[in-house]
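K.L.:
below are the sequence and a predicted model for it; my questions follow.
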Amino acid sequence: MEIDPPEQAQLPQIKDKDLFKSAETGDCSILHSLSPLQLSKALSLRNDDGRSLLHVASSSGHTKVVKLLSEVEASSGVVNIKDDEGWAPIHSAASIGSVPIVEILLSKGADVNLKNDGGRTALHYAASKGWLEIAELLISHGAKINSKDKACRMYTIA
């Protein structure tokens, strides 16, 4: 006797804009409703500025969303992807002063010496805003302390 396999459960159809809103507001519920495959695919989405969900969550300071996205198997491939201005999620996290997000990104292989289009690294942003703990964290992970941006400026502690 053969038993027909059960029909595949219908996965929720969620719009890209809803995923970006979720990353921006810190609402993990939509992301939790996705299958692992859908979540992996969502990591490759980009908004009009070339920003990923990880970029948006990092710049909005939503640690839970960053943690959830970083736990997706495919996340290591997107942690260093740049937006249209060359910013990676680590630039955003360092700029807003989020130690937990910087730690998560570093644990997933974020490049501490990655430069944006202006030639600035995460350490430039941490130093210019006075985020000493983040600056020390980045340096402890190999950030070059004498790196200059395109205007030949070195790091300056605010």
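P.N.:
Looks like it arrived, so ask away. Residues are numbered from 1 along each chain as shown.

K.L.:
going by C-alpha atoms from here, please, whenever you check contacts or count neighbours.
P.N.:
OK.

K.L.:
sec struct for Lys67, please.
P.N.:
Judged by DSSP: H, G, I helix; E, B strand; the rest coil, the three-state class of Lys67 is helix.

K.L.:
shouldn't it be in contact with Ile104?
P.N.:
Yes. Between Lys67 and Ile104 there is a contact at 6.7 Å, judged by Cα atoms under 8 Å.

K.L.:
show me the shaky parts of this protein.
P.N.:
By pLDDT under 70, the low-scoring segments of the chain are 1-12, 153-158.

K.L.:
all helices of it, in order?
P.N.:
Under the criterion DSSP state H, the chain contains helices at 16-25, 29-32, 36-42, 53-60, 63-70, 89-96, 99-107, 122-128, 132-140.

K.L.:
nearest to Ile81, out of these?
P.N.:
Using Cα to Cα as the measure, helix 89-96 is the one of the helices of the chain that comes nearest Ile81, at 7.9 Å.

K.L.:
check the burial of Lys115 by counting its neighbours.
P.N.:
Here the number of neighbours of Lys115 (other Cα atoms under 10 Å) works out to 22.

K.L.:
can you check Glu73 too?
P.N.:
Using other Cα under 10 Å, the number of residues around Glu73 comes to 12.
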